[in-house]
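Visitor: Okay, predicted coordinates and the sequence, questions at the end:
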Amino acid sequence: MSVPNLARVYDYLLGGKDNFAADREAAAVALRTVPQMGWLARANRGFLNRAVRVCAEAGIRQFLDIGAGLPTQDNVHQVAQRTDPGAHVVYVDNDAVVVSHGRALLAEDERTAVIEGDLLQPEEILRSDRLHALIDLDQPVALLVVAILHFIPDEAGPAAAVARLRDALAPGSFLVLSHTEFPREHAVGTKQLSEETRALGQTYRSRPMGPARSRAEIAEFFGDFELLEPGVTEVWNWRPAGESVVNPSDVVSVVGGVARKR
């Protein structure tokens with residue numbers, strides 16, 4: 001509890017209660033760098049909710065969420081089960097603390113499971129008995145890879161891992177994906193990047209946890225799946241409930257999309 005945990009920091013940014021002082025302190029550091037971080041986290045969660053609803057309304061009753069974090073704050077199982085109370089959801093995370101906490105939160109829901117697994121080890125996920133207890137891979141599934149790929153460098157093989165998971169899905173399945181995007185050195189709209197913003201973006205792009213990818217590179221994770229309109233775009237502008245909005249941050253953006261397997 002004394003060590004910050006990414007999933008709990010995210011929960012705090014979403015306004016949740018499943019976090020501790022160390023997580024809130026880590027969030028405060030992030031917010032000093034990017035004051036809009038909470039807004040971006042909530043915008044990403046809004047995209048996830050809308051994408052799950054679109055998949056559910058298309059008839060999907062099975063959801064596999066990889067790199068899920070904590071299943072709190074109006075998460076996948078809650079959104080999917082509003083469309084069909086019988087929808088099954090499996091959450092996957094590689095953090096044992098998150099898995100243990102998630103299982104405790106969902107202990108009374110027989111239609112959900114939380115399993116320990118790593119996106120970069122897709123075969124282990126696909127062989128999981130807990131997965132097969134709830135998910136029939138011969139039937140359409142919504143695969144969710146939301147706000148995780150920007151932590152993984154290309155040399156670790158995220159493209160191959162996502163491709164293996166895509167291949168395991170039945171026709172009619174969906175892939176939901178989001179990824180951070182950083183402004184380039186040129187102006188964003190009519191606003192020039194400040195020196196502070198440019199330096200921060202350069203630091204992030206060179207960080208060891210993974211590269212900043214272009215929008216075209218992000219789109220490649222969908223493979224030959226057919227992108228739903230409006231394609232890969234800012235998550236807050238992906239089928240928004242209201243009018244399109246403008247990103248309040250010139251430091252970072254979040255883009256995403258949803259695609260269907262023919």
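Guide: The structure has been received and is ready for your questions. Residues are numbered from 1 along each chain as shown.

Visitor: so where's the chain uncertain?
Guide: Residue ranges of the chain with pLDDT under 70: 183-211.

Visitor: Show me where it has its helices.
Guide: 6-13, 21-33, 37-57, 76-83, 96-105, 122-126, 129-134, 158-168, 195-205, 215-219 (DSSP state H).

Visitor: excluding its backbone neighbours, what's nearest residue 94?
Guide: Residue nearest to residue 94 in three dimensions, not counting chain neighbours: residue 118, with 4.3 Å by CB to CB, 6 or more residues apart in numbering. Yep, even glycine has a C-beta here, placed from its N, CA and C like the rest.

Visitor: what pairs with the spatially most central residue of the chain across the strands?
Guide: The centre of the chain sits closest to residue 146, judged by CA atoms, centre = their mean, with a distance of 1.4 Å. Beta-bridge partners recorded for residue 146 (DSSP bridges): residue 178.

Visitor: who's in contact with it?
Guide: Going by CB atoms under 8 Å, 6 or more residues apart in numbering, residue 146 touches 44, 47-48, 65, 67, 176-178, 256.

Visitor: Just the closest of the residues you listed to residue 33, please.
Guide: Closest approach to residue 33 among these (CB to CB): residue 44, at 17.4 Å.

Visitor: who are the neighbours in contact with the nearest residue to residue 2 once chain neighbours are set aside?
Guide: Leaving aside its sequence neighbours, residue 2 sits nearest to residue 22 (CB to CB, 6+ apart; 5.4 Å). Contact analysis of residue 22 by CB under 8 Å, 6+ apart lists 1-5.

Visitor: For residue 22, give its distance to residue 6.
Guide: 12 Å (CB to CB, to the nearest Å).

Visitor: go on, residue 229?
Guide: Taking CB to CB, one finds residue 229 at 32 Å from residue 6.

Visitor: so how far is stretch 50-68 off the chain centroid?
Guide: Centre-to-centre, stretch 50-68 and its host chain are 12 Å apart (CA atoms, centre = their mean, to the nearest Å).

Visitor: For it, buried residues please.
Guide: 50-52, 54-56, 60-68 (16 or more other CB atoms under 10 Å).

Visitor: Which one of those residues is nearest to residue 251?
Guide: Nearest to residue 251 among those, with distances taken as CB to CB, is residue 67, at 22.5 Å.

Visitor: Spatially nearest residue to the closest one, not counting backbone neighbours?
Guide: That would be residue 148: by CB to CB, 6+ apart, it lies 3.3 Å from residue 67.

Visitor: what sits against the closest residue to residue 233 other than its chain neighbours?
Guide: The shortest distance from residue 233 to any non-neighbouring residue, by CB to CB, 6+ apart, is to residue 255 (6.2 Å). Neighbouring residues of residue 255 by CB under 8 Å, 6+ apart: 178-181, 215, 218, 232-235.

Visitor: Equivalent analysis for residue 120, please.
Guide: 152, 156-158, 161.

Visitor: Kindly recompute the last result at 10 Å.
Guide: The contact partners of residue 120, by CB atoms under 10 Å, 6 or more residues apart in numbering, come to 94, 152, 156-158, 160-162.

Visitor: Kindly report the same for residue 106.
Guide: Applying CB under 10 Å, 6+ apart, the residues near residue 106 are 71-72, 75, 77, 89, 91, 112-114.

Visitor: Pick out whichever of residue 229 and residue 6 has more residues nearby.
Guide: The neighbour comparison of residue 229 against residue 6 (other CB atoms under 10 Å) goes to residue 6, with 16 against 9.

Visitor: Check the gap between that one and residue 238 for me.
Guide: From residue 6 to residue 238 the distance is 23 Å (CB to CB).

Visitor: cool, residue 105 as well?
Guide: Here residue 105 is placed at a distance of 27 Å from residue 238 (CB to CB).

Visitor: With residue 30 instead?
Guide: 24 Å.

Visitor: Looking at the two, which is more packed in?
Guide: A direct count of neighbours by other CB under 10 Å for residue 30 and residue 238 places residue 238 higher, at 24 against 15.
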